[in-house]
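**Student:** Curious how this folds, go ahead:
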Amino acid sequence: MNAGTNRLQGLTHRVHPTEGSRLKNYDVIVVGSGIGGLTTAALLSKAGKSVIVLEAHDRPGGYAHGFKRNKYHFDAGVHLISGCGPDGYRGGQVIYKVLNALGLSGDLEFINVDPFSHVYYPGLNSALPQSIAAFVATLARQFPKERQGLESLVQLCLQVTEEIALASEMILTDYDTTYRLMPTLCQYRKSTLDKVMDKFIRDTKLRGVFASLWPYLGLPPSKVSFIYWASMLIGYVVDGAYYCKGSFQELANTLVKGIRQHGGIVQFRSPVEKIIIEQNQVSGIIAKGTRINASVVVSNADMRQTIFDLVGEQFFPEHYVQKIKSMQHSLSIFVVYIATNLDLVKLNMGHESFCYRDFDHDLNFARTLRGEVSWISITAPTLVDPGLAPAGEHLLMLTTLLPYNAENSWQQAKQDYIDVMLDIATQYIPDLKQHINFIEGGSPTTMQRYTQNYQGAAYGWDVMPTQVSPARAKNTSPVTGLYFAGHWSSPGCGVYGVSVSGNQVAQKILGMKNSIIN
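**Tutor:** Numbering: from 1, shown residues only. Sure thing, here's the model as predicted:
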């Protein structure tokens with residue numbers, strides 16, 4: 001048992017309302033059951049707080065939810081996560097630590113995926129393996145003159161990531177102390193990946209290969225925050241890349257179990273209609289016409305919706321409202337879900353493959369903004385978890401980024417996008433079209449409908465340098481008792497990022513100076 005678990009157990013426990021109870025008073029209400037909100041709720045329940053989670057959908061998880069079609073279990077959007085094992089970089093392993101603190105680490109099986117990705121370009125393809133040594137060696141074999149620069153760049157990414165972890169664990173208000181403890185983080189906080197690569201890598205093809213995972217953050221190298229990019233890369237290379245056996249729905253379900261086993265409540269099909277503010281502080285919510293009281297509300301929902309619809313902008317300072325209005329949300333995604341009877345093992349497919357026709361990711365991104373599909377990722381989860389489909393069949397997910405407003409009617413345009421993405425996929429999986437047992441498409445409107453994120457935003461606010469911590473919206477709000485967890489708030493997007501967010505919110509609500517889970 002780690003120190004974080006001891007601290008949680010040392011807090012006073014309360015008598016909790018049970019499922020079906022008429023008691024409508026809680027310590028904390030969590031709006032939305034994405035991984036960030038569930039993490040907050042589970043840690044607070046373990047700490048003795050009475051907690052209720054209200055979710056509009058019929059299941060938990062947000063973008064990490066899964067669904068079943070016929071005999072097949074699909075993940076809605078998550079392909080791979082990091083931080084699930086006991087080993088990694090200093091300050092990492094966040095998901096492992098959360099589950100361990102909740103006493104749930106034995107409830108899930110995380111399958112290590114190594115290499116964590118494969119990338120395909122005209123005339124070049126490469127695996128991306130775990131460990132800094134293997135990652136650098138693999139790329140250096142194809143670009144031997146760039147080895148030293150690669151080593152230095154990846155080590156810089158590691159240093160930045162460890163400083164990010166330190167920052168997330170501590171409440172720092174003194175700039176001198178912050179700079180002393182986190183000099184690299186301070187130095188590069190305003191840098192893009194492109195600007196940093198300029199210092200280390202000259203070969204344009206290698207720059208493209210190194211930045212291949214940019215769709216995971218929704219922005220190309222010239223726009224994405226280097227700080228956030230570094231933490232994502234090191235997460236996979238050092239903290240480890242994992243698939244959750246049974247689909248990522250199992251991760252969400254396990255966090256729900258953690259909430260309920262400590263007396264917390266999770267209610268589905270319960271959309272929140274209003275967050276009540278009385279005397280300039282939170283006093284509860286209205287859901288399905290019923291008032292539920294609490295002095296703390298954690299929104300794991302869309303931040304714009306929370307501020308402008310659930311609360312009302314009149315309760316926030318003008319400068320705060322203007323900042324939120326000026327922030328840029330991320331693109332959405334289009335996904336094609338496929339079941340095939342092709343033998344993907346014989347075809348040497350990997351769990352995750354990024355397929356590009358150009359090394360220039362600014363060009364790739366420009367095409368995306370125009371609504372063109374010129375690149376896709378291909379995910380084959382049954383290669384690591386065969387139980388997701390019947391014997392002799394495999395699942396595929398074809399994914400690309402797209403703007404919500406690329407089409408006036410996604411219902412009418414959906415089939416055209418499915419066809420284009422299938423055409424690209426068949427360049428890497430011959431005869432795929434002749435071996436499809438099931439196919440379904442999910443458009444940006446699908447993502448909006450199930451998650452209620454503005455325009456189906458896949459990553460909340462874009463992770464550009466001006467919109468990541470400390471510039472990202474904070475977990476605390478100007479309204480007393482209102483907090484934000486998830487990809488709209490600090491530190492940012494991704495399952496790992498929102499898990500950190502959930503931990504940070506719980507830490508702040510409990511008034512703890514250091515992380516709960518270490």
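**Student:** What separation do you get for the nearest residue to Lys223 once chain neighbours are set aside and His329?
**Tutor:** Nearest residue to Lys223, sequence neighbours excluded (Cβ to Cβ, 6 or more residues apart in numbering): Met464, at 5.5 Å. From N, CA and C alone the C-beta is placed, and that goes for glycine too. Distance, Met464 to His329, by Cβ to Cβ, to the nearest Å: 11 Å.
**Student:** now do Thr466
**Tutor:** 14 Å.
**Student:** element containing Asn125, please.
**Tutor:** In this assignment (DSSP states H and E), Asn125 forms part of strand 124-128.
**Student:** counting contacts, what elements does that strand pack onto?
**Tutor:** Using 3 or more Cβ pairs under 8 Å, 6 or more residues apart in numbering; DSSP states H and E as the contact test, the elements touching strand 124-128 are strand 117-121, helix 132-142, helix 204-210.
**Student:** Output those in CSV; the columns should cover distance to Gly62 and mean pLDDT.
**Tutor:** CSV is the format used below for the helices and strands packed on strand 124-128 (distance: least, Cβ to Cβ, whole Å; pLDDT from 0 to 100):
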stretch, distance to Gly62, mean pLDDT
strand 117-121, 23, 98
helix 132-142, 30, 97
helix 204-210, 30, 98
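**Student:** now the angle from the top helix by length along the chain to helix 132-142?
**Tutor:** Ranked by residue count and defined by DSSP state H, the top helix of the chain is helix 147-169. For helix 147-169 against helix 132-142, the angle between stretch directions is 150 degrees (axes from the mean of the first three to the mean of the last three Cα atoms, to 10 degrees).
**Student:** Buried residues, helix 147-169. List them.
**Tutor:** For helix 147-169, a neighbour-count test (16 or more other Cβ atoms under 10 Å) marks 149-151, 153-154, 156-169 as buried.
**Student:** ditto for stretch 71-89
**Tutor:** So, applying 16+ other Cβ under 10 Å, buried residues of stretch 71-89: 72-85, 88-89.
**Student:** Also stretch 462-471?
**Tutor:** By 16+ other Cβ under 10 Å, the buried positions in stretch 462-471 come out as Asp462, Val463, Met464, Pro465, Gln467, Val468, Ser469, Ala471.
**Student:** strands paired with the strand holding Asn125, and their directions?
**Tutor:** Strand 124-128 has these partner strands in its sheet, going by DSSP bridges: strand 117-121 (antiparallel).
**Student:** separation between the closest residue to Leu255 other than its chain neighbours and Gln448?
**Tutor:** With Cβ to Cβ, 6+ apart as the criterion, Leu255 has its nearest non-adjacent residue at 3.8 Å, and that residue is Leu38. To Gln448, Leu38 is 21 Å away according to Cβ to Cβ.
**Student:** and these two? which has more neighbours close in?
**Tutor:** Taking other Cβ atoms under 10 Å, Leu38 and Gln448 do not tie; Leu38 has more neighbours (33 against 18).
**Student:** for the host helix or strand of the more buried one, packing partners?
**Tutor:** Assigned by DSSP H and E, Leu38 belongs to helix 35-46. Packed against helix 35-46, as judged by 3+ Cβ pairs under 8 Å, 6+ apart, are the following elements: helix 3-9, strand 25-31, strand 51-54, helix 94-101, helix 249-260, strand 290-299, helix 494-509.
**Student:** try 7 Å this time
**Tutor:** Other helices and strands packing on helix 35-46, by 3 or more Cβ pairs under 7 Å, 6 or more residues apart in numbering; DSSP states H and E, are strand 25-31, strand 51-54, helix 94-101, helix 249-260, helix 494-509.
**Student:** Report the contact partners of Ile234.
**Tutor:** Counting by Cβ atoms under 7 Å, 6 or more residues apart in numbering, Ile234 makes contact with Tyr89, Cys157, Leu158, Thr161.
**Student:** what are the phi and psi angles of Ala241?
**Tutor:** Backbone geometry at Ala241, expressed as degrees, to the nearest 10, gives phi -110, psi 140.
**Student:** no, scratch that, I was asking about Ser353
**Tutor:** phi -130, psi 130.
**Student:** distance of it from Ile516?
**Tutor:** Relative to Ile516, and taking Cβ to Cβ, Ser353 is found at 37 Å.
**Student:** Which of the two has more residues huddled nearby?
**Tutor:** Counted by other Cβ under 10 Å, Ser353 and Ile516 do not tie: Ile516 has more neighbours, with 24 against 21.
**Student:** Surely that one is in contact with Leu44?
**Tutor:** No. Ile516 is beyond contact range of Leu44, at 9.4 Å (criterion: Cβ atoms under 7 Å).
**Student:** shared neighbours of these two, which are they?
**Tutor:** Common neighbours of Ile516 and Leu44 (criterion: Cβ under 7 Å, 6+ apart): Ala506.
**Student:** What is the burial count for Val296?
**Tutor:** Val296: 20 surrounding residues under other Cβ under 10 Å.
**Student:** before we move on, what about Leu432?
**Tutor:** Look at Leu432: counted by other Cβ under 10 Å, it has 21 neighbours.
**Student:** OK, contacts around it?
**Tutor:** Applying Cβ under 7 Å, 6+ apart, we find Leu432 in contact with Thr340, Leu342, Leu422, Ala425, Thr426.
**Student:** Give the buried subset of these as a PyMOL selection command.
**Tutor:** Buried members of the contacts of Leu432 can be picked out in PyMOL with the line below, counting by 16+ other Cβ under 10 Å:
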select buried, resi 340+342+422+425
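**Student:** can you tell me which of the contacts of Leu432 are in strands?
**Tutor:** Among those, the residues falling in strands (DSSP state E) are Thr340.
**Student:** Identify the farthest-apart pair in the contacts of Leu432.
**Tutor:** By the measure Cβ to Cβ, Leu342 and Leu422 form the most distant pair in the contacts of Leu432, at 13.2 Å.
**Student:** hmm, back to that, dump the helices and strands packed on strand 124-128 to a markdown table, plus distance to Pro478 and mean neighbour count.
**Tutor:** Formatted as a markdown table, the helices and strands packed on strand 124-128 follow (distance: least, Cβ to Cβ, whole Å; neighbours: other Cβ atoms under 10 Å):
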| stretch | distance to Pro478 | mean neighbour count |
| --- | --- | --- |
| strand 117-121 | 40 | 20 |
| helix 132-142 | 42 | 17 |
| helix 204-210 | 40 | 20 |
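**Student:** Of the ones you listed, give the one that comes closest to Ser225.
**Tutor:** Nearest of the helices and strands packed on strand 124-128 to Ser225, taken as Cβ to Cβ: helix 204-210 at 15.7 Å.
**Student:** And the closest one, how far out from the chain middle?
**Tutor:** 25 Å (Cα atoms, centre = their mean, to the nearest Å).
**Student:** Which SSE is immediately downstream of that helix?
**Tutor:** Downstream of helix 204-210, the next assigned helix or strand under DSSP H and E is helix 226-234.
**Student:** average pLDDT for that next one?
**Tutor:** Taken as a whole, helix 226-234 has a mean pLDDT of 95.
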